[in-house]
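Q: Build me a model:
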Amino acid sequence: MTTPHPMLANALADPATAASHPPASVPAEQAAFCATIAQELSQRVDPASAESALHAAAVASRQLLAERWAATQAADAQRGATVRRVHYLSLEFLIGRAMNNAVSALGLTDTLQATLRERHGPALGELLEREPDAALGNGGLGRLAACFLDAFATLGLPSFGYGLFYKHGMFAQAIQDGRQVERPDEWLKHGNPWELQRDDVRYMVGFGGRVDSAGGQCRWVPAETINALAHDFIVPGHGTQHVSTLRKWQAQADRPIDFTAFCRGEHAAAAQHLLAAEALNWVLYPDDSTPAGRELRLRQEFFLVSASLQDMLARHLREHSSITTFGRHNAVHLNDTHPALAPAELMRLLMDEHGLDWNAAWKVTTDAVSYTNHTLMPEALETWPVRLFEAMLPRHLEIVYEINRRFLALVHERFPGDDAMAARVSLIDESGERRVRMAALAIVASHKVNGVSALHSDLMVRTIFADQARIWPDRFINVTNGVTPRRWLEQANPGLSELLDKHIGNGWRRDLSQLARLKPIAAGAGIGKAFLAVKRANKQRLADHIRQELGIAVEPDSLFDVHIKRIHEYKRQLLNVLHVVARYQAIVSQPHAGWTPRTVIFAGKAASAYHAAKLIVQLIHDVARVVNSDARVGKLLKVVFLPNYGVSLAEGILPAADLSEQVSTAGTEASGTGNMKFALNGACTIGTWDGANIEMAEAMGAENMFVFGLRADAVARTKALGYDPSLYVEENLALRRVLDAIGSGLFSHSEPDRYRALVQPLLHHDPYMLMADFADYVRTQSRVDELYEDRAAWAECAIRNLAGMGAFSVDRTVDEYRRLIWAAPAGSPH
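A: Numbers count the residues shown, from 1 in each chain. The predicted structure follows:
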């Protein structure tokens, strides 16, 4: 958990913030809210503490949300004949803190603030900072899922999100001597008052065993069974009483300890099955570099899928008379390949448990299931060894084989003699160790498959899924990602929200397209000056936080150049570091060249088993240590790495950013949503022609984005012609000096060879094209400096970035999913 910091507290202390709050709730809700707080505090040992106030306010909010939840469920059940319920399966939901969003949606922010004052409790900002981030996600995939829940509720869409209840998240990131260290995230240390444990909602999930085919009816007999217990987190809608639900599953052993073994003194053995069940909820994305880690991941994925589908079917049968109508009334959406076992498990449940024949079950499955792909990298598409799959899920492997047999018969009929194509699209990869291709299974079983940006969707059908697109050209569509303006602007940046309300009204909170009203006034001196004042205040708060947490003094008037996202080679934090080193060397060489002061801010986690990414984290720290301590550089350049990146830290960084780094190799980033959040907070973007950067540039005007680098088609051509990165190094003295400095140990005197393995291969093997894009990146950064020196022009550019963000609301995204993917199947009565 991030140490509490004053960024949000100070923002909420600003009198202008009050104007951004929604109207107060009805008096009855206010009275109930205050009464519950009083009751909860009366039962606490230390009622005056911030922790007690947080707990009481959370319980009071949860009770009001639970009433809305009950009303929502009743209304959704009545609408079931005309509106499909959406079930969104995702291994992660990065929801962040809940309190600020809850009281904002309930219209109780002012009530809570007044109650705290009356009871001489903590300030509202301090209370909000005490809440830990819910460690239920990691990156953009999980944050997108959380934004979807917000939109489901706000748009009134009948819906459930389904995930797992992780006790320790992925990990809490600490930094020791510049190295990333992973620790359990103790977000549940003081309990979680937001959770509603549903003791009456539990299902049995099996693993292993055998398939019994006696009497011609297949029946799976698992060797092990685990209970799945539901925990609900209620997601409020804004401007509506409607809510959505995030239902998370907690694993429980199906039997108590082995008492006989315990009495023999075999205490560990007596509880071994309890430990195996609990492990399913320990960690998000357990390290899969070991066989045990891979097995645990597959168990987690099936546990999520099986419990969720059983819950959906049970709810459907409570509301409808026939299991055959499940596909008409329910959408089952797979957020990436982690829940791609869903089609096989749904087929098993429909056939083995509910008695449908194959054709009827397949019709229900394909009517219900849809799939979002989030990657163009073949190595990122999940596959599982057949031997592991068979040992853990023998009945499901039978079903996968039968799906594949029928599918390949169709392929051979449509493309006779094309055995190579059949091998490429088969659900079973027969090259080397036989493996089940999960993306292929998801595509075959889905009625729609979507990418998440225009470029990504185009490349998807031209590269990794080109064969499947030939078979089903109408199955593949695009729905560009979006973000929720409620959290990422209204709550994260109250100063800017108040400025927008003043100039264009407050309708943008529910209709982000109203931001376009900024375009005619973007060049105005008044709004530009006010915008810069808001930005300066946000930067001061972040500078204070950096000094408090890291002991590094940064200048708020410097350009805040921000690169915050998961650490990965394709996201090219290393390219940014190369520019930082080049800039450092140039400043030392020409200290009086009129440099624009710059603070470069990094944040992000590297996967625990990803050695190269962790080495990049260490390099950032080593470069920061040298640069920040060099008196010749002074205030002209500072480098900062903020540890344990998460939603709450992002809420403090994004409003302060001047420059948003979106520098992935063209053709590798599916979409990105960080790019949208930055622009929504008034940052200018430096980025490649990749993912949603393209649509953002088109919306705001490409002249308002700092675009650099090879485009996706040029990347492909360069590689096809035999890309030689050493040629780019030979032609660029500055690049050569940078690589030499890093490789020779200038930033790692105690271990001169520390980064040799990171930079030397770039001369011969540079899959993410750092060497090819370096020169243009540096030139474009010079253009950034030039514009920043003219603050009025910079403000206009930033406001035009913001004005172009209307299309990137998650409300628009979810509405497109509703119309294009989740609409009732053809031929249904509604």
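Q: Residue 163: helix or strand, and which one exactly?
A: strand 159-164 (DSSP states H and E).
Q: Listing partners with orientation, what would you give for that strand?
A: strand 85-89 (parallel), strand 243-253 (parallel) (DSSP bridges).
Q: Whatever helix or strand comes next after the last one - contacts with which helices or strands?
A: The reference is to strand 243-253. Heading C-terminal from strand 243-253, the first helix or strand you meet, by DSSP H and E, is helix 259-263. Here helix 259-263 touches helix 267-270, going by 3 or more Cβ pairs under 8 Å, 6 or more residues apart in numbering; DSSP states H and E. For the C-beta atoms, the positions are set from N, CA and C on the backbone; glycine is no exception.
Q: Now do the buried residues in the helix it packs on.
A: residue 270 (16 or more other Cβ atoms under 10 Å).
Q: and the next helix or strand after it with strand 243-253, angle?
A: Sequence order places helix 272-279 as the next helix or strand after helix 267-270, per DSSP H and E. On the basis of axes from the mean of the first three to the mean of the last three Cα atoms, to 10 degrees, helix 272-279 is oriented at 160 degrees to strand 243-253.
Q: Buried residues of helix 272-279, list them for me.
A: Neighbour-count burial for helix 272-279 [16+ other Cβ under 10 Å]: 273, 274, 276, 277, 278.
Q: Spell out the secondary structure type for the nearest residue to residue 184 once chain neighbours are set aside.
A: Distances taken as Cβ to Cβ, 6 or more residues apart in numbering put residue 168 closest to residue 184, at 4.0 Å, once the chain neighbours are dropped. Under DSSP: H, G, I helix; E, B strand; the rest coil, the three-state class of residue 168 is coil.
Q: Tell me how far residue 168 lies from residue 699.
A: Remark: distance between residue 168 and residue 699 (Cβ to Cβ, to the nearest Å) = 40 Å.
Q: what's the helix or strand for the nearest residue to residue 791 once chain neighbours are set aside?
A: The shortest distance from residue 791 to any non-neighbouring residue, by Cβ to Cβ, 6+ apart, is to residue 532 (6.0 Å). Using DSSP H and E, residue 532 sits in helix 525-550.
Q: how far out from the middle of the chain is that helix?
A: Computed by Cα atoms, centre = their mean, to the nearest Å, the separation of helix 525-550 from the middle of its chain amounts to 26 Å.
Q: for that helix, packing partners?
A: helix 7-13, helix 494-504, helix 647-653, helix 791-803.
Q: from the buried residues of helix 272-279, which is closest to residue 41?
A: The closest of those to residue 41 turns out to be residue 278 (Cβ to Cβ; 33.0 Å).
Q: now that closest one, nearest residue through space, not along the chain?
A: residue 251 (6.6 Å).
Q: who's the one you found bridged to?
A: Here residue 251 sits in beta bridges with residue 228, going by DSSP bridges.
Q: The chain should start at 23 in everything you say after this.
A: Got it, first residue is 23 now, which makes that one residue 273.
Q: List the residues that contact it.
A: Listed by Cβ atoms under 8 Å, 6 or more residues apart in numbering, the contact set of residue 273 reads 227, 248, 249, 250, 251, 299, 300, 302, 303, 325.
Q: which residues in the stretch 723-852 of the chain form strands?
A: Counting by DSSP state E, counting those that start in this stretch, the stretch 723-852 of the chain has these strands, from start to end: 728-729.
Q: Which residue is the nearest non-sequential neighbour of residue 478?
A: residue 692 (4.4 Å).
Q: cool, and residue 838?
A: residue 501 (4.7 Å).
Q: Name the nearest residue to residue 165, ignoring sequence neighbours.
A: Computed as Cβ to Cβ, 6+ apart, the closest residue to residue 165 that is not its neighbour in sequence is residue 116, at 4.4 Å.
Q: I'd guessed the one you found sits against residue 170; true?
A: No. Contact criterion Cβ atoms under 8 Å: residue 116 and residue 170 do not qualify, at 11.4 Å.
Q: Next up, identify which helix or strand the closest residue to residue 400 other than its chain neighbours is on.
A: Leaving aside its chain neighbours, residue 400 sits nearest to residue 486 (5.9 Å; criterion: Cβ to Cβ, 6+ apart). Using DSSP H and E, residue 486 is not contained in any helix or strand.
Q: One more: residue 254?
A: With DSSP H and E as the test, residue 254 turns up in strand 246-258.
Q: Report the inter-axis angle for that strand versus strand 181-186.
A: 130 degrees.
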